[in-house]
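A.B. asks: structure, please.
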Amino acid sequence: MKSMSYLRTTVTAAGVALAALPALAEPLFWSTQANPVEESQKMRDDVLAGFPGGVDYQPSDPGPWLTRIQAELQAGSGTIALLGGLHGDLSGLGADLVDLSGIDTTGVNPVMMELGTLGTEEQKYIPWMQATYLMVANKKALEFLPEGADLNTLTYDQLIAWSKALAEGTGGPKFGFPAGPKGLKHRFFQGFLLPAYTGSTVTEFRSAGAEEAWGKFRELWQYANPASTNYSFMQEQLVTEEVWLAFDHVARVADAFNQRPDDFVAFPVPAGPKGRAYMPVVAGIAVPKTAPDMEQAKALVAYMLKPEIQIATLRATNFFPVTDVALPDDMPASVRASGPAIAATVSAPDALQVLLPMGLGDKGGQFNQVYIDVFERIILGGQDIRPVLDEQAEALRALMAETGAPCWAPDAASEGPCPVN
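C.D. replies: Purely as a prediction, here's the structure:
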């Protein structure tokens, strides 16, 4: 911790310089993001080291993260200065977050700023960084691409045909999927596969479109490497060439591009009948009402939006800036490869944006488990699709009723709990 005699200069939300104030304890930045040890250390060393007086950056899994902030809010005081989390993490805390409208957010993505209001008249959080999920292929796989297929406009049927051709042409399955215990498989089902066939994450969970979606994934799974049930970060299997074609979060394939920049290509996730569904991952920063030093906390929010800090955050986490900032030429190969793929995803004429789950409180894990259970029963267990969807729909309906969570995009807005048809 910095010496208490350290003098700092901060800039208030209104832009007024406050010089030569005695430094308080390092503000505690309590975050669900940049959790891996290497990323959290880069946050401390490369991103936050320039903040006057230093910052105590502490990442946490979502459950303990929520438990601690709730305890401080209930006590009416605490040590957390700044909260960092995904939109869904912060959405349930709106009433306990201070209004950050006074902070200069020039150049911040306006759509994300609107998300940060959490449906109120106040700016409950400020966008911090963004990412999404991508497809990655070893360039050796391109010769097996179906005739007439374009990487930027691929369909799920073409992905199945491509994976089949790869398996037949190389003597073994070359599609890889992060279905391991720490893999983000549930996000693929919630944000990509099901909405692409139903236009919904929750309401049409058991529809005919959902039945078709799981049937398509069962076809694709025939050509997946059987070891996919152990995969968590697809960059590892791409580098070893255990797989030639994979889906994963942009930060979880970064090392493949950084280690072998000339050998891989990134492209959008395929489209289904309802569009090219994709899940933008928006992380925000917020100040709880129990923050010990409001001025210091708001100064840290402003610091995180500086162009050079947004770039440093990208280098540390592989999450992209939320501000309109020019990327330097010396960015890692992963950034140079994934940037155009993300742009192609967002700007696609059939793009269908799917928000991360929200309003679930501490039940987010149970929500994810519903989709994981469907995967395990249908794809791994070989059970019939219709009865599994009917049974799991009841579990989903009960969970939505228990949490009272209203629908989020692309499902239509609901007055009460999001319905499951």
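
A.B. asks: surely residue 310 meets residue 323?
C.D. replies: Yes: judged on CB atoms under 8 Å, residue 310 makes contact with residue 323 at a distance of 5.4 Å. Backbone N, C-alpha and C define where each C-beta goes, glycine included.

A.B. asks: the two - which one has more neighbours?
C.D. replies: residue 310 (23 against 19; other CB atoms under 10 Å).

A.B. asks: contacts only, for residue 132.
C.D. replies: Contact analysis of residue 132 by CB atoms under 8 Å, 6 or more residues apart in numbering lists 249-250, 278-281, 342, 345.

A.B. asks: kindly apply the preceding question to residue 113 instead.
C.D. replies: 105, 123, 126-127.

A.B. asks: returning to that earlier point: now for the contacts of residue 132, which pair is the farthest apart?
C.D. replies: Pairwise distances across the contacts of residue 132 peak at 13.1 Å for 249 and 345 (criterion: CB to CB).

A.B. asks: any idea how far residue 70 is from the closest residue to residue 247 other than its chain neighbours?
C.D. replies: Nearest non-adjacent residue to residue 247, counting by CB to CB, 6 or more residues apart in numbering: residue 135, 5.6 Å away. Between residue 135 and residue 70 the computed distance is 38 Å (CB to CB, to the nearest Å).

A.B. asks: more neighbours: these two, which one.
C.D. replies: Legend: neighbour count by other CB under 10 Å for residue 135 and residue 70, higher for residue 135 (21 against 15).

A.B. asks: how far away is that one from residue 327?
C.D. replies: 22 Å.

A.B. asks: over to residue 33?
C.D. replies: Residue 33 is 20 Å from residue 327, by CB to CB.

A.B. asks: looking at the two, which has the bigger crowd around it?
C.D. replies: residue 33 (25 against 14).

A.B. asks: surely that one and residue 86 touch.
C.D. replies: Yes: assessed by CB under 8 Å, residue 33 is found in contact with residue 86 at 7.3 Å.

A.B. asks: in helices, which of the contacts of residue 132 fall?
C.D. replies: Counting by DSSP state H, the part of the contacts of residue 132 found in helices is 342, 345.

A.B. asks: can you tell me the closest non-neighbouring residue to residue 384?
C.D. replies: Nearest non-adjacent residue to residue 384 (CB to CB, 6+ apart): residue 378, at 8.0 Å.

A.B. asks: so that neighbour sits in a strand?
C.D. replies: No: counting by DSSP: H, G, I helix; E, B strand; the rest coil, residue 378 falls outside a strand, being helix.

A.B. asks: which ones are touching it?
C.D. replies: 214, 218, 384-385, 388.

A.B. asks: looking at those, which is nearest residue 168?
C.D. replies: Closest approach between the contacts of residue 378 and residue 168, by CB to CB: residue 218, at 18.3 Å.

A.B. asks: residues contacting that closest one?
C.D. replies: 378-379, 385.

A.B. asks: next one: residue 402
C.D. replies: If you count contacts by CB under 8 Å, 6+ apart, then residue 402 has residue 363 around it.
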